[in-house]
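Trainee: Got a predicted structure here, sequence first:
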Amino acid sequence: MNIQLIRNATITVEYAGKKFLIDPMLAEKGTLPAFGPEVGLPEAPRQDQNNPLVGLPTSIEDVIQDIDAVIVTHLHPDHWDMAAIEALPKDIKLFSQNEEDATEIRSAGFKNVEVLQENTVFEDIQLIKTKGEHGRGEILKAAGLVCGVVFKHSSEKTLYIAGDTVWYEAVQEVIDAHKPEVIVVNAGDNQFNIGGSLVMGKDDVYEVNKTAPNAKIIAVHMEAVNHWTLSREELKNFANEKGISSLVSVPNDGQSYSF
């Protein structure tokens, strides 16, 4: 297994001989509006900075080369953007969280879209859709539905990509049920000026670690869109303080890990 952070929540996963692209946001630096009032959302940090805040670490061509399938956990523009829609081959295998998202993706010209289930199989790889909550309380209603996915194959460690979720009981249930040895968490503690966390912060990451104390955790979705609040440095320092830095990896864009 090889996992590479591209940028934000965009990662590639080489698993059991197949290469997956997860949540492709491929726009050039600064070409999308900031999350905030300009796009009908509450005020947010760095309101004066367009997204993405940083460029891709490599070319779009390199990112999408040799991809066997794409997984889109939800359709927010920092997970599925026009640059990805334009760059990806329209016949590529693509998985979405539900039929509503699949319909929208098909309307963009994609011909091979499948809705993830709890028993999806792709080329002998088991893909298990998992639940997520994109925030807590009132903000959750506005954030909409999201998912994660567990990867299983007899030749690989079990991988859990949690997606845009905070820590809550369903995440614990996934870990208890599937016992993933590698867990990717979106951990930038992104939020607006009201409503609280939309994805995991450092305390959420610590809960993941306590529930899966032997799992390797990779923290992504950091420092790439304007409403992030948890920096890489702060999360690394927190992991050091808790004595879990050997288990929590905080990659830079372009960095990869093999398991």
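Mentor: Perfect, I can see it now. This one's a predicted model, so the numbers in the text were calculated from it and none came from an experiment. Residues are numbered from 1 along each chain as shown.
Trainee: From now on I want contacts and neighbour counts done on CA atoms only, so please keep to that.
Mentor: Fine.
Trainee: end-to-end on stretch 137-151?
Mentor: 29 Å (C-alpha to C-alpha, to the nearest Å).
Trainee: for stretch 58-70, same thing?
Mentor: One end of stretch 58-70 to the other measures 18 Å (C-alpha to C-alpha).
Trainee: do the same with stretch 236-253
Mentor: OK, stretch 236-253 end separation, C-alpha to C-alpha: 15 Å.
Trainee: List the buried residues of the helix or strand of the chain with the lowest mean pLDDT.
Mentor: For the chain, the helix or strand with the lowest mean confidence is helix 138-143, at a mean of 90 (criterion: mean pLDDT, DSSP states H and E). For helix 138-143, burial by neighbour count (16 or more other C-alpha atoms under 10 Å) applies to 139-140.
Trainee: and if you look at stretch 188-196?
Mentor: 188-192, 196.
Trainee: How far does that stretch sit from its chain's centre?
Mentor: Relative to its parent chain, stretch 188-196 has a centroid offset of 17 Å by C-alpha atoms, centre = their mean, to the nearest Å.
Trainee: who's in contact with it?
Mentor: By C-alpha atoms under 8 Å, 6 or more residues apart in numbering, the residues outside stretch 188-196 that reach it are 36, 42-45, 135-139, 197-202, 220-223, 227-231.
Trainee: what separates the least confident helix or strand of the chain from the chain centre, distance-wise?
Mentor: Mean-position distance between helix 138-143 and its chain equals 18 Å (C-alpha atoms, centre = their mean).
Trainee: Just give the closest residue to residue 75, not the sequence neighbours.
Mentor: Distances taken as C-alpha to C-alpha, 6 or more residues apart in numbering place residue 101 nearest to residue 75, at 7.0 Å, with adjacent residues excluded.
Trainee: Quick check: phi and psi on residue 256?
Mentor: phi -130, psi 160 (degrees, to the nearest 10).
Trainee: ok, now residue 26?
Mentor: Residue 26 has phi and psi values of phi -120, psi 10 when expressed as degrees, to the nearest 10.
Trainee: shouldn't it be in contact with residue 81?
Mentor: Yes: applying C-alpha atoms under 8 Å, one finds residue 26 in contact with residue 81, separated by 6.8 Å.
Trainee: Of the two, which one has the most company?
Mentor: Ranked by neighbour count (other C-alpha atoms under 10 Å), residue 26 and residue 81 place residue 26 first, with 28 against 17.
Trainee: contact partners of the least confident helix or strand of the chain?
Mentor: Residues outside helix 138-143 that contact it (C-alpha under 8 Å, 6+ apart): 133-135, 195-196, 198.
Trainee: farthest-separated two in the residues you listed?
Mentor: Put simply, by C-alpha to C-alpha the two of the contacts of helix 138-143 set farthest apart are 133 and 195, 13.6 Å from each other.
Trainee: which residues in this protein form helices?
Mentor: Using DSSP state H, the helices assigned to the chain run over residues 60-64, 82-87, 99-107, 138-143, 169-178, 202-211, 232-242.
Trainee: Generate a markdown table for those, with distance to residue 6 as supplementary columns.
Mentor: Converted to a markdown table, the helices of the chain look like this (distance: least, C-alpha to C-alpha, whole Å):
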| stretch | distance to residue 6 |
| --- | --- |
| helix 60-64 | 8 |
| helix 82-87 | 13 |
| helix 99-107 | 22 |
| helix 138-143 | 24 |
| helix 169-178 | 24 |
| helix 202-211 | 20 |
| helix 232-242 | 15 |
